[in-house]
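Just a sequence and a predicted model for now, questions to come.
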Amino acid sequence: MAEARTPAQIEADIVRRRQELAVTLDEIGVRLHPKTIMDEAKAKAAQAVDRTAGRAYVAANRAVSDVRAQLVSENGTPRLERVIPVAMVGVAVIGLLALRTRRRR
């Protein structure tokens, strides 16, 4: 059987619950404050940008490594049979761009 509580115990419980409720309402007020909402949105956006930038860096690094593997042998010497054609294509593209620029003038 439960013991009967004294009026002092009941009053102490009421005071404690009021304090807990006040803390809870303060926390809700902080969470719903426009500045808090904006700060959380900014933080989420920054995380998304960081993730995207990280993925882009990894993809670019992988692409550079793949190209390097195609143009340089395991011992670090250039693979001339692959470098020369790539260089010739680069020179041709630059030449075509230069001709195009001159014709526009």
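Received, thanks.

Distance check, Arg17 against Thr24.
According to CB to CB, to the nearest Å, Arg17 and Thr24 sit 10 Å apart. Heads up, the C-betas are built off the backbone N, CA and C, glycines and all.

In this structure, where is pLDDT below threshold?
Low-confidence regions of the chain, defined here as pLDDT under 70, cover residues 1-2.

so after the longest helix along it, what's the next helix or strand?
Here the longest helix in the chain is taken by residue count, with DSSP state H as the criterion, and it is helix 34-71. Secondary structure here is assigned by DSSP states H and E; on that basis, the next helix or strand after helix 34-71 toward the C-terminus is helix 80-104.

on contacts alone, who are the packing partners of that following helix?
When contacts are defined as 3 or more CB pairs under 8 Å, 6 or more residues apart in numbering; DSSP states H and E, helix 80-104 sits against helix 34-71.

How far does the helix it packs on sit from its chain's centre?
5 Å (CA atoms, centre = their mean, to the nearest Å).
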